[in-house]
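In: 3D, please:
(one chain, ligands or ions: 1)
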Amino acid sequence: MTDTAAATPVPSADEAAALADDAVDFCSRLIRFDTSNYGGGESRGERACAEWVAGELTDAGLKPVVLESAPGRANTVVRITGADPAAPALLVHGHLDVVPAEPSDWSTYPFSGEVRDGAVWGRGALDMKDMDAMMLAFVRHLQRTGAKPPRDLVFAFVADEEDTGEYGARFLVEQHPDLFEGVNAAISESGGQSVPLPGGARLYPIAAGERGSAWMTATARGTAGHGSKRNDDNALVKLSAAIGRFDRHEWPVRVVPIVAALLDGLSRHLGVAIDPTDLSPLGAAAELVSGTLANSVNPTMLRAGYKHNVIPSEASAALDGRILPGTEAEFFATVDDLLGPDLTRTGDYLPPVSADHTSPDFAAMAAALRAHDPEALVLPYCMTGGTDAKAFAALDIPGFGFVPGRTPADFNAWQYVHGVDERVLTDSLAFGARVLTTYLMTDPRAFA
Ligand SMILES: [Zn+2]
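Out: Got it, this is the predicted structure:
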């Protein structure tokens, strides 16, 4: 059995205060860079922000590199040398881009970084300049204390997560894989934040997997002809029939291991058996489960025809498919079955990813959370969508979603991510910076 208290270093009260001040200040300053990502290669501000981050890292005595993937798109990467260079390294990545914000909808200018009413306000406050700020605060902590983390840490501040990652994580993976040598695990967004449980306890879900995405185009072909003539081979009719089949299909419930671990842990904690078809006993935590019990396909775009009186020879639909880890073969067999013999499919496929929630790293994250919140219930969960973790999976680096934070039950962070009046509570940033520091200073081998 591990002596987790000895293995889990907690910053002193003075250091905790300095970490909190730095995290709030860095978050506010990062938000003031408008790094809106409009998609399709269009963005602003990423290079300026990446260079500013590099300046802060340099001031702290590190040697970052700024890597431009396209004009204006840049990524900053730095390796922090650990006490044991032979130990596997940890990658910590945060994106610097944000989704756009419409100022007229907001109660404060979205790129103000205003600190008011116990929160830092602005686009990116929760997605994910909060984490970028905590990473920078940790670097300052190392500089102040002269401490060395137990293993090498690679910090990557990347562009383009809010679109395809082509100019960010995917660019780094394809063009600069050497930067990630020796890395055997990663942490980044979507997880580690408190979720209130019925009865008052706090769940900290750590993402240990992501559904895959299959962005497919289904195409039906038929016989073109005059719109006034009978046509038994109409591409539009075939396509609509297939869309109807997708709509009627009930994707079977598949409780994959990560979701089973979450349900088991919640069931044990709450003292009730949980039926996956009735998540009501879980309260707010139901949202962590509901989107990951089955695969899904939604039609999102249609294309057919060019004139009112012409039956076109082709009709196509965009289908957004999401796939649970371990169910890929079943997913595509079902899709082809529903498409039927008349339709073809093409498209992009990003496989699901998962990380081991029984690993020493997961245990070290859980211990760091419990060191700062003794009542924390820490469990893995699977994300419905995707992050840059999929890009780094190409280098065999399993990724966890771990951006620690603690909020009162009435603060629903999910409503602000990509929403209006996005803000992060300063207490949550302070808590997160302490937990992150504890985790980054923990040697996961103590939990092996
Ligand atoms: Zn994000």
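In: any idea of the pLDDT on the single nearest residue of the stretch 151-300 of the chain relative to the ion?
Out: Nearest residue of the stretch 151-300 of the chain to the ion, counting by C-beta to the ion: residue 189, 4.7 Å away. Heads up, the C-betas are built off the backbone N, CA and C, glycines and all. Residue 189 is assigned 95 on the pLDDT scale.
In: list the buried residues for stretch 176-188?
Out: By 16 or more other C-beta atoms under 10 Å, the buried positions in stretch 176-188 come out as 179, 180, 183, 184, 185, 186, 187, 188.
In: what sits up against it?
Out: Stretch 176-188 is contacted by residues 65, 67, 77, 79, 88-94, 128, 131, 152, 154, 156, 172-173, 355, 359, 361, 365, 387-389, 392, 395, 397-403, 444 when judged by C-beta atoms under 8 Å, 6 or more residues apart in numbering.
In: interface residues of this protein facing the ion?
Out: Neighbours of the ion within the chain, by C-beta under 5 Å from the ion: 127, 128, 189.
In: my read: the second one touches residue 92, true?
Out: To tie it back to what came earlier, the one meant is residue 128. No - using C-beta atoms under 8 Å, residue 128 is not in contact with residue 92, being 11.5 Å away.
In: neighbour-wise, which of the two wins?
Out: residue 128 (26 against 23; other C-beta atoms under 10 Å).
In: need the contact list for that one.
Out: Going by C-beta under 8 Å, 6+ apart, the list of residues near residue 128 reads 94, 95, 188, 189, 403.
In: of those residues, which belong to strands?
Out: Judged by DSSP state E, strands contain the following of those: 94, 95, 188.
In: for the second one, give me its contacts.
Out: For residue 95, the residues meeting the contact criterion (C-beta under 8 Å, 6+ apart) are 128, 132, 157, 158, 159, 160, 161, 162, 168, 169, 189, 388.
In: how about the residue lying closest to it once chain neighbours are set aside, secondary structure?
Out: Spatial nearest neighbour of residue 95, chain neighbours left out: residue 161 (3.4 Å); criterion: C-beta to C-beta, 6 or more residues apart in numbering. Classification of residue 161 by DSSP: H, G, I helix; E, B strand; the rest coil places it in coil.
In: count the neighbours of residue 161 for me.
Out: Residues near residue 161, counting by other C-beta under 10 Å: 27.
In: any idea how far the residue in the stretch 1-150 of the chain positioned nearest to the ion is from residue 323?
Out: Per C-beta to the ion, residue 127 is where the stretch 1-150 of the chain lies closest to the ion, at 4.1 Å. Distance from residue 127 to residue 323, counting by C-beta to C-beta, to the nearest Å: 23 Å.
In: OK, contacts around the residue nearest to residue 40 when sequence neighbours are not counted?
Out: In space, and not counting its chain neighbours, residue 40 is closest to residue 163: 7.2 Å by C-beta to C-beta, 6+ apart. Contact partners of residue 163, counting by C-beta under 8 Å, 6+ apart, are 37, 39, 40, 41, 43, 97.
In: now the longest helix seen in the chain: buried residues?
Out: Looking across the chain with DSSP state H, the single longest helix is helix 13-31. For helix 13-31, a neighbour-count test (16+ other C-beta under 10 Å) marks 15-16, 18-31 as buried.
In: show me what it is packed up against.
Out: The helices and strands touching helix 13-31, judged by 3 or more C-beta pairs under 8 Å, 6 or more residues apart in numbering; DSSP states H and E, are helix 46-59, strand 119-121, helix 129-145, helix 426-440.
In: do that again at 10 Å, thanks
Out: The contact analysis (3 or more C-beta pairs under 10 Å, 6 or more residues apart in numbering; DSSP states H and E) places helix 13-31 against helix 46-59, strand 115-116, strand 119-121, helix 129-145, strand 423-425, helix 426-440.
In: closest to residue 304 out of the ones you listed?
Out: helix 46-59 (37.4 Å; C-beta to C-beta).
In: measure how far that closest one is from the centre of its chain, please.
Out: Relative to its chain's centre, helix 46-59 lies at 23 Å (C-alpha atoms, centre = their mean, to the nearest Å).
In: show me this structure divided up by domain.
Out: Here the domain assignment for the chain is 4-191+385-447, 209-350, based on automatic domain parsing.
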